[in-house]
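Colleague: the sequence and its predicted three-dimensional model are supplied below.
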Amino acid sequence: MLTVLNHPLITHKLTVMRSINTGTKDFRENLDEVAGLMAYEISRDLPLSKVRIETPMQITESYELAKSVVLIPILRAGLGMVDGILDLIPTAKVGHVGLYRNEETLEPQQYYAKFPPNLADSVVMVLDPMLATGGSASAAITILKEKGAKTIKLVCLVGVPEGVARIEKDHPDVDIVLAALDEKLNEIGYIVPGLGDAGDRIFGTK
Ligand code: PRP
Ligand code: URA
């Protein structure tokens, strides 16, 4: 299922990020803030379990998160979303998948993977600012499923219909959450209007 978050603060910060005049520091800070706002929305349906606790007044029943949350940033650009989400879910564990797109074929190449244990019992959130062809996100989700992950959400800032269709075809069980659904991919596989190369803008590598 696709959810496009519609919130004025997210839209405003995304506008700042899209602008060619926004430098590395402001791009990074806005990404951090948007990820935090998205965390609030994507955590709405986290399951709760009943616990018995003692308040200063009496023993009572209350609720706590029932499952571990695992964040999986797709390197590099997904790293820029981790801290903003950890601010809201500080108990989350963090795994990493290293993928880069071959610039000619646009096929994802894997170079790293390291995950916390018990993925099968966790809510796994795959993080990447950009959902372009969907190849990278699809490959990351396949790797996670091979490691046992069952409940997976894909959380991206900007996506296009092509990328959404790819995930819906390859992984119909995965919820997709976007901050914006853009128009299309251009002839070299970049999202338009988009925000350019997310990794380069986060890390100042161009
Ligand atoms: C970007 C982006 C996604 C991928 C999206 O990463 O962060 O991971 O491209 O494209 P896709 O949907 O067509 O696979 P990139 O390969 O540029 O690597 P980087 O994060 O290291 O810059
Ligand atoms: N990766 C990016 O960083 N930007 C795009 O527009 C597409 C893929």
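Modeller: Done, it's in. Ligands and ions are numbered 1, 2, ... in the order given.
Colleague: and residue 121, what does it touch?
Modeller: Taking Cβ atoms under 8 Å, 6 or more residues apart in numbering as the criterion, residue 121 is in contact with 67-68. Backbone N, C-alpha and C define where each C-beta goes, glycine included.
Colleague: how near is it to ligand 1?
Modeller: To ligand 1, residue 121 is 27 Å away according to Cβ to the nearest ligand atom, to the nearest Å.
Colleague: what does this protein put close to ligand 2?
Modeller: 77, 130, 132, 190-191, 194, 197-199 (Cβ under 6 Å from any ligand atom).
Colleague: tabulate those (JSON lines), appending secondary structure and neighbour count.
Modeller: Conversion of those to JSON lines gives the following (DSSP: H, G, I helix; E, B strand; the rest coil; neighbours: other Cβ atoms under 10 Å):
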{"residue": "77", "secondary structure": "helix", "neighbour count": "24"}
{"residue": "130", "secondary structure": "strand", "neighbour count": "26"}
{"residue": "132", "secondary structure": "coil", "neighbour count": "25"}
{"residue": "190", "secondary structure": "coil", "neighbour count": "16"}
{"residue": "191", "secondary structure": "strand", "neighbour count": "25"}
{"residue": "194", "secondary structure": "coil", "neighbour count": "21"}
{"residue": "197", "secondary structure": "coil", "neighbour count": "14"}
{"residue": "198", "secondary structure": "helix", "neighbour count": "25"}
{"residue": "199", "secondary structure": "helix", "neighbour count": "20"}
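Colleague: closest to residue 118 out of those?
Modeller: Using Cβ to Cβ, residue 77 is the member of those that sits closest to residue 118, with 26.4 Å.
Colleague: the closest one against residue 131, yeah?
Modeller: No. Between residue 77 and residue 131 there is no contact, the gap being 11.2 Å when judged by Cβ atoms under 8 Å.
Colleague: what's the neighbour count on residue 85?
Modeller: For residue 85, the number of neighbouring residues by other Cβ atoms under 10 Å comes to 25.
Colleague: now residue 26
Modeller: Residue 26: 14 surrounding residues under other Cβ under 10 Å.
Colleague: for residue 19, same thing?
Modeller: Residue 19 has 11 neighbouring residues, counting by other Cβ under 10 Å.
Colleague: got phi/psi on it?
Modeller: phi -60, psi 130 (degrees, to the nearest 10).
Colleague: local confidence estimate at it?
Modeller: At residue 19, the model reports a pLDDT of 98.
Colleague: now do residue 47
Modeller: In the predicted model, residue 47 carries a pLDDT score of 96.
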